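Student: Have a look at this fold, sequence not included:
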């Protein structure tokens, strides 16, 4: 047996294949049972929430034939072999998504949106015809351990259940159930419709504004819509993100397993912590003072985060092979570059964090007087990719992020009595498990494995952004979301490193139970209102102090430092259980899901009018794709006392898949810049071009040949869409622009050509 390293920086032994067991004759198909049951459960949930079997079959055919199959083949070929079925599914899906987007964009620009289908067919034919490539149809990796597979499938099933309760149920597919959806979801649907028809793309709810955003997931949905025939509406609210969300669970577990290959439970534990854990909150009065970067809370409302996270995890799987030296040559580097580009176009947060993580790996190597060339090369590749994406997709915009140190502590300040030092101390205590994990890994001489300093660098960089910058919509927390799986990886790796031999390994159960009991007891025993000043920290110090006492007591009594450290870390993990359970209960309650949408809202709160779907279908059937519409609805019901107009309005652009002169105006670079300059939230931003808005509204309130003609001649508007619940002069408008369609509360008027008669009888 290899002797243990004597330096933190000594190279580790080559890790074993993750969670593998010897193959048994006759048991090959049983290995697929966890995944098969998960797919069946997903099909049942989708059917329950309005997706018929024929639609599921069309989308499933696209997913299997255009994304997964060619993606897995290319993944194995570029990587140089199989990484095991779970990692191949993750890497294959991510590679397939990246190839789909890469084929769709030039095809869409040239007027042929079926490029992904052609590319997939070419890949399959090539790998079937070329003898050297045929081996990639099979995996030569050992089978996955059943306990690992069932655990991860169970976690993915929990994510499926969460999605059903928290997102599918509050978002019915028919009116009036869909009359008050979460506004961001309508925005994502509108972007998918825009990219279905246009490249270069614009923000469809405010015509003429270039689309400077991370829009790769919307391009993938557009490609899926053309290839499968499924409309962007169903892709947005049901089908498009579900494969990425479920595979993200597998991805987190697969990456974490690479850090502790000998402990099969390390990957599932990291995935569970990443998905469900909320910082210990032992004070009954605080209500989770630490803002939770909770993956499940935003997994569906932020498809960019989830989609980018899957591609990023696949890039990490390749990167670990490159950093450890187990894979060489141009193939893995090409694969890494492709996946980093896909992740960066999916979500802008990932590339800067990855550069920081790779520089951390290089710094750790430099402490041992080594030059880590793969880490530096990967950092250069990532920086170059980010530079290209920044110049072409984002075009120099910052997304409204600005420097304001400790501004993110605002959510903690009320619980901290308004004291920033106290608020910062609460954050530190809530992250005690990460601090202990980092110390354990350093003491156990594990930092030579590049995956661990890489994960630590990701977490530190995310924390630096959150504490140093702010975005008026709170989007700086997405950096923490991006790093969360890798912080969970550190905790799981530390527990695996400390797991003692023999009976002492069962210390984790009583230690975790003790941590949970401490948090629950502190929650009941603390007063309803906090003490003043630093006394507030007493409740938060309970888990950390208990962990120190447990570790000290075990070390003194048994003189087994690993057992003591393991018990202390397990106690801290257990301390988060009550808070995590309470947080999940709140999020899944009717009040919690109402944050995202209200099924069948009262008439006054219906953002989407009756007849919107029918009007959208009519416009798609009767107008060219380059048509510009006008709307008289710009504002949602105000959500804040200061708000005059909440301009998160996108339903017309989403339903019609056409550009609208001015529908809403948030999430655009001008809106973000205005919000940053005036410190306003997204639902408080006024429109920055009042004359255009006034001209738009005048065509409805005082329709004349001049006011309607102004929209046509100056702004290219061809159709006026009327929400009849909003101010308008129906008779005068019909006299100037003939009504062509009406359904529910929506009427559609055609703007006559300049040479046509302006009076319509």
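Tutor: Received it, and whenever you're ready, just let me know what you need. Treat the numbers as computed from the prediction; the structure is a model and nothing was measured. Residues are numbered from 1 along each chain as shown.

Student: Show me which residues of the helix or strand encompassing residue 60 are buried.
Tutor: Here residue 60, judged by DSSP states H and E, is contained in helix 53-62. For helix 53-62, a neighbour-count test (16 or more other Cβ atoms under 10 Å) marks 55, 56, 58, 59, 60, 62 as buried. For the C-beta atoms, the positions are set from N, CA and C on the backbone; glycine is no exception.

Student: List the contacts of the last one.
Tutor: Spelled out, that is residue 62. 224, 227, 228, 230 (Cβ atoms under 8 Å, 6 or more residues apart in numbering).

Student: Try it again at 7 Å.
Tutor: Neighbouring residues of residue 62 by Cβ atoms under 7 Å, 6 or more residues apart in numbering: 224, 227, 228.

Student: Now do the top strand by length along the chain, average pLDDT.
Tutor: Criterion DSSP state E: the longest strand present in the chain is strand 717-723. Strand 717-723 shows an average pLDDT of 97 in the prediction.

Student: List the contacts of it.
Tutor: With Cβ under 7 Å, 6+ apart, strand 717-723 has contacts from 609, 615, 623, 627-633, 652, 661, 699-700, 711, 728, 733, 737, 745-751.

Student: Looking at the buried residues of helix 53-62, spot the one nearest residue 385.
Tutor: Nearest to residue 385 out of these is residue 62 (Cβ to Cβ; 27.0 Å).

Student: circling back to that earlier point, among the buried residues of helix 53-62, which one lies nearest to residue 666?
Tutor: Distance to residue 666 across the buried residues of helix 53-62 (Cβ to Cβ) is lowest for residue 59, with 29.9 Å.

Student: pLDDT at the closest one, what is it?
Tutor: 98.

Student: That one contacts residue 227, correct?
Tutor: No. Using Cβ atoms under 7 Å, residue 59 is not in contact with residue 227; the gap is 9.3 Å.

Student: Centre of the chain to stretch 612-619, how far?
Tutor: Relative to the centre of its chain, stretch 612-619 is centred 30 Å away, using Cα atoms, centre = their mean, to the nearest Å.

Student: And stretch 403-410, by the same measure?
Tutor: Mean-position distance between stretch 403-410 and its chain equals 23 Å (Cα atoms, centre = their mean).

Student: swap in stretch 57-71?
Tutor: On Cα atoms, centre = their mean, the centre of stretch 57-71 falls 21 Å from that of its chain.

Student: Just the terminal-to-terminal distance for it.
Tutor: End-to-end distance for stretch 57-71, by Cα to Cα, to the nearest Å: 19 Å.

Student: so what are the domain limits for this structure?
Tutor: The domain map for the chain lists 29-275+295-498+576-587, 607-750, with the assignment taken from automatic domain parsing.

Student: which one of these lies closest to residue 601?
Tutor: Nearest to residue 601 among the domains of the chain is domain 29-275+295-498+576-587 (4.1 Å), distances taken as Cβ to Cβ.

Student: who does the helix or strand containing residue 306 touch, helix- and strand-wise?
Tutor: Residue 306 belongs to helix 303-324 when assigned by DSSP H and E. If contacts are counted by 3 or more Cβ pairs under 7 Å, 6 or more residues apart in numbering; DSSP states H and E, helix 303-324 sits against helix 85-109, helix 216-228, helix 242-257, helix 330-346, helix 350-367, helix 373-389, helix 477-498.

Student: before we move on, back to that, most neighbours, which of the contacts of residue 62?
Tutor: residue 224 (27 neighbours; other Cβ atoms under 10 Å).
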